[in-house]
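Student: Requesting a structural model of the entry that follows:
(2 chains)
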Protein chains: 2
Amino acid sequence: MRDFSSSHEWLSMNTATVRKQWELPQIIDACARRGIRAISPWRDQVAAAGLEATRRQLKEHGMQLSGYCRGGFYPAADKAGLAAALDDNRRAIDEAKTLDAACLVLVVGSLPGALQGKPAYTDIARARNEVRDGIAASLEYAREVGMPLAIEPLHPMQAAERACINTLEHALDLCDALDPGQTGMLGVAMDVYHCWWDPKLEQQIARAGDAKNTRLLAYHVCDWLTPTRDLLNDRGMMGDGVIELKKVRGWVEAAGFRGFAEVEIFSELDWWQRPGAEVLDTCIARHKSVV
Amino acid sequence: MRDFSSSHEWLSMNTATVRKQWELPQIIDACARRGIRAISPWRDQVAAAGLEATRRQLKEHGMQLSGYCRGGFYPAADKAGLAAALDDNRRAIDEAKTLDAACLVLVVGSLPGALQGKPAYTDIARARNEVRDGIAASLEYAREVGMPLAIEPLHPMQAAERACINTLEHALDLCDALDPGQTGMLGVAMDVYHCWWDPKLEQQIARAGDAKNTRLLAYHVCDWLTPTRDLLNDRGMMGDGVIELKKVRGWVEAAGFRGFAEVEIFSELDWWQRPGAEVLDTCIARHKSVV
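Tutor: Next up, the predicted model:
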């Protein structure tokens, strides 16, 4: 297991962590000034800053992308919606390639319309089928382009609205079905926030790979607070909650992951209210002490 | 699958559903007036009304208990705490026996102190071991007394504070380990609210038993709202959310369950604000139409 205690060379910042404080160009500069070598930006932030301008700014700083957020949201109420989702995922793959991301993260979607409070249907098995078919289609294009897709299992409390893949086991089952050859083009983005509770976590991480070939394409960290006051935007800074971060990273590295530990904190009540510099400095400090 | 459309003979009311409106004696009377044949009361409500008075009132109405809420909360920071939890579970078993409950529901607990925002430790594997040992100890006494114990897997969003058993699969694994003979003294209380999202739900329900012998000792219903505004107290009335209630009941009955469908709704913003009579009448109507 890598020693993070004296360096943050393996820290990546998911740019949602300071999205309320700064636009993307400011985030990139602030990270670069602190020697942060990687980020994972969101499509809306890139669109606002401009894709080509973002590419240039990243190149100037020699900054990598630990991932690109996000593709997915496959299920739809009708065929037109399903086709539109596939088109949108092609564009996301192209953007990720332009930015030379390590992977495109897939938040796969679930009951269409549920995010707006009006689910078009409630058959979650249907949503799961649409997700499987959608990923299969995206994977064809991703192979052509050479952009790995990383399925992110979301916490079961997001199962209706954002992702009907809610466990690492389910994500890996899908990887095995769609990419039996383990080509490296389909894997998982494992966020501890979504998976920490799972009694099969250690077992399933071990299943994900080894030093030679692993399904683990991205590793996201933050913490689970007690109490948690909101289902979406009350994530904690690493060390402020109950997740056994070092233990889990040990498992992840034993399963072959050698990439960045990407900090992704949605925090309406706390970290989004603080100065961006304080957030980044705290992430660096906690990366060394508890991640 | 039983036809509920013209009768509510298999409806049970978990008394938390109207706990803000009424004390237990009123709840029992209000249920009896509506021909509701079963309830599942909470220990604090029984303690307030008196155990013996409750027993008599239930008997007068010929009312059954589909379960008794609740035992569990085994993990503790030290040996004294672990012993105190076992003592408390003995008392809960005795109370359940006095009231002739179908089972004692176990909300097993998790990181001690987390419910108060100060976890004494964060090693969830330790909590799971303490839960296993605690249930094993309670089961010995439960066998003597003749009171089945029903492990209730809680939604993973409750994994830190209330229960470190979060899937039906995990609960059944524990049943198999502690009661390999399937004596009927250890099983599960399956609440759709906690389990609906699980991609292995159908498979694990099928594993739970058959018409001759089933681990399914209780079946709880409500609904999952989109959006869900609170992790604990924003459950929906059956039919107002996304859970496929009839489909799941079909699976549960195919696995041998023939007991009550117990309505358990914690709803700070909606149903706890309405008159108790309206809540009960709505439960009866929805039991017939969507459960």
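
Student: For my notes, confirm residue A:87 occurs in a strand.
Tutor: No: according to DSSP: H, G, I helix; E, B strand; the rest coil, residue A:87 belongs to no strand; its state is helix.

Student: Let me know the pLDDT of it.
Tutor: pLDDT for residue A:87: 98.

Student: So which residues on the stretch 151-291 of chain A come close to chain B?
Tutor: A:155-157, A:159-161, A:164-167, A:170, A:196-199, A:224, A:226-228, A:231, A:242-244 (CB under 8 Å from any CB of the partner chain). The way it works is simple: take the backbone N, C-alpha and C, and place the C-beta from them, glycine included.

Student: could you say which helix or strand contains the closest residue to residue A:216 other than its chain neighbours?
Tutor: Spatial nearest neighbour of residue A:216, excluding adjacent residues (CB to CB, 6 or more residues apart in numbering or on different chains): residue A:257 at 4.1 Å. Assigned by DSSP states H and E, residue A:257 falls within no helix or strand.

Student: Let me know how buried residue A:257 is, in neighbour terms.
Tutor: By other CB atoms under 10 Å in any protein chain shown, 23 other residues sit near residue A:257.

Student: List the contacts of it.
Tutor: Residues in contact with residue A:257 (CB atoms under 8 Å, 6 or more residues apart in numbering or on different chains) are A:209, A:214, A:216, A:219.

Student: Tell me the most packed of those, by neighbour count.
Tutor: Most neighbours among the contacts of residue A:257, by other CB under 10 Å: residue A:219, with 25 neighbours.

Student: Tell me how far it lies from chain B.
Tutor: Here the criterion is CB to the nearest CB, to the nearest Å. By it, residue A:219 lies 19 Å from chain B.

Student: helix, strand or coil for that residue?
Tutor: Following three-state DSSP, the label given to residue A:219 is strand.

Student: That one pairs with what?
Tutor: residue A:190, residue A:261 (DSSP bridges).

Student: Moving C-terminal from the strand or helix carrying residue A:82, which element do we reach first?
Tutor: Using DSSP H and E, residue A:82 sits in helix A:79-98. With elements assigned by DSSP H and E, the helix or strand that comes after helix A:79-98 is strand A:104-107.

Student: and whichever helix or strand comes after that following strand, what other elements does it pack with?
Tutor: Counting by DSSP H and E, the next helix or strand C-terminal to strand A:104-107 is helix A:124-145. Helices and strands touching helix A:124-145, by 3 or more CB pairs under 8 Å, 6 or more residues apart in numbering or on different chains; DSSP states H and E, are helix A:79-98, strand A:104-107, strand A:149-151, helix A:168-178, strand A:186-191.

Student: go with 6 Å
Tutor: Packing partners of helix A:124-145 (3 or more CB pairs under 6 Å, 6 or more residues apart in numbering or on different chains; DSSP states H and E): helix A:79-98.

Student: The helix it packs on vs helix A:124-145, what angle?
Tutor: Angle of helix A:79-98 versus helix A:124-145, following axes from the mean of the first three to the mean of the last three CA atoms, to 10 degrees, is 40 degrees.

Student: Determine how far helix A:79-98 lies from the middle of the whole chain.
Tutor: Taking CA atoms, centre = their mean, to the nearest Å, the mean C-alpha location of helix A:79-98 is offset from the chain mean by 17 Å.

Student: Would you mind listing where the stretch 101-250 of chain A has pLDDT under the threshold?
Tutor: Low-confidence segments of the stretch 101-250 of chain A (pLDDT under 70): none present.

Student: quick one on the thing from earlier: counting only helices, which of the residues of the stretch 151-291 of chain A next to chain B make the cut?
Tutor: residue A:170 (DSSP state H).

Student: what's the neighbour count on the nearest residue to residue A:22 once chain neighbours are set aside?
Tutor: Closest residue to residue A:22 apart from its sequence neighbours, by CB to CB, 6+ apart: residue A:276 at 5.1 Å. When neighbours are defined as other CB under 10 Å, residue A:276 has 19 of them.

Student: Number of residues surrounding the closest residue to residue A:6 other than its chain neighbours?
Tutor: Nearest residue to residue A:6 in three dimensions, chain neighbours excluded: residue A:288, at 6.9 Å (CB to CB, 6+ apart). Counted by other CB under 10 Å, the residues lying close to residue A:288 total 15.

Student: With residue A:248 instead?
Tutor: 20.

Student: Kindly indicate which of the contacts of residue A:257 lies nearest chain B.
Tutor: Using CB to the nearest CB, residue A:219 is the member of the contacts of residue A:257 that lies nearest chain B, at 19.0 Å.

Student: tell me the contacts of the closest one?
Tutor: Counting by CB atoms under 6 Å, 6 or more residues apart in numbering or on different chains, residue A:219 touches A:190, A:252, A:257, A:261.

Student: Go again with 10 Å.
Tutor: By CB atoms under 10 Å, 6 or more residues apart in numbering or on different chains, the contact set of residue A:219 is A:10, A:12, A:66-67, A:188-192, A:248-249, A:252-253, A:257-262, A:291.

Student: Correct me if wrong: residue A:272 contacts residue A:16.
Tutor: Yes: assessed by CB atoms under 10 Å, residue A:272 is found in contact with residue A:16 at 9.4 Å.

Student: Find residues that contact each of these two.
Tutor: Jointly contacting residue A:272 and residue A:16 under the rule CB under 10 Å, 6+ apart are A:233, A:265, A:266.

Student: between these, which is closest to residue A:45?
Tutor: Of all those, residue A:45 sits closest to residue A:266, with 14.0 Å by CB to CB.

Student: Chain neighbours aside, what residue packs nearest to that closest one?
Tutor: The shortest distance from residue A:266 to any non-neighbouring residue, by CB to CB, 6+ apart, is to residue A:233 (4.4 Å).

Student: how far away is that neighbour from residue A:19?
Tutor: 11 Å (CB to CB, to the nearest Å).

Student: cool, residue A:47 as well?
Tutor: For residue A:47, the distance to residue A:19 - CB to CB - is 13 Å.

Student: who's more crowded, those two?
Tutor: Legend: neighbour count by other CB under 10 Å for residue A:47 and residue A:19, higher for residue A:19 (18 against 12).

Student: excluding its backbone neighbours, what's nearest that one?
Tutor: Excluding the flanking residues, the one nearest residue A:19 by CB to CB, 6+ apart is residue A:45, at 6.8 Å.

Student: Helix, strand, or coil at that neighbour?
Tutor: Residue A:45 ends up helix, using three-state DSSP.

Student: how many neighbours does it have?
Tutor: By the criterion of other CB under 10 Å, residue A:45 has 20 neighbours.

Student: Sticking with residue A:278, tell me its helix or strand.
Tutor: Using DSSP H and E, residue A:278 sits within helix A:276-289.

Student: Go ahead and confirm residue A:13 touches residue A:260.
Tutor: Yes: assessed by CB under 10 Å, residue A:13 is found in contact with residue A:260 at 9.3 Å.

Student: if we can go back for a sec, next up, the contacts around the residue nearest to residue A:266.
Tutor: Here residue A:233 is in contact with A:16, A:265, A:266, A:267, A:268, A:269, A:270, A:271, A:272 (CB under 10 Å, 6+ apart).

Student: From the residues you listed, list just the buried residues.
Tutor: For these, a burial check counting by 16 or more other CB atoms under 10 Å in any protein chain shown picks out A:16, A:265, A:266, A:267, A:270, A:271, A:272.

Student: Pick out the most distant pair among those residues.
Tutor: Greatest spacing in the buried ones among the contacts of residue A:233, by CB to CB: A:16 and A:270 (14.2 Å).

Student: Does chain B have contacts with stretch A:79-95?
Tutor: No: contact of stretch A:79-95 with chain B (CB under 10 Å from any CB of the partner chain) is absent, the minimum separation being 17.7 Å.

Student: buried sites along that stretch?
Tutor: The neighbour-count check on stretch A:79-95 (16+ other CB under 10 Å) flags A:81, A:82, A:85, A:88, A:89, A:90, A:92, A:93, A:95 as buried.
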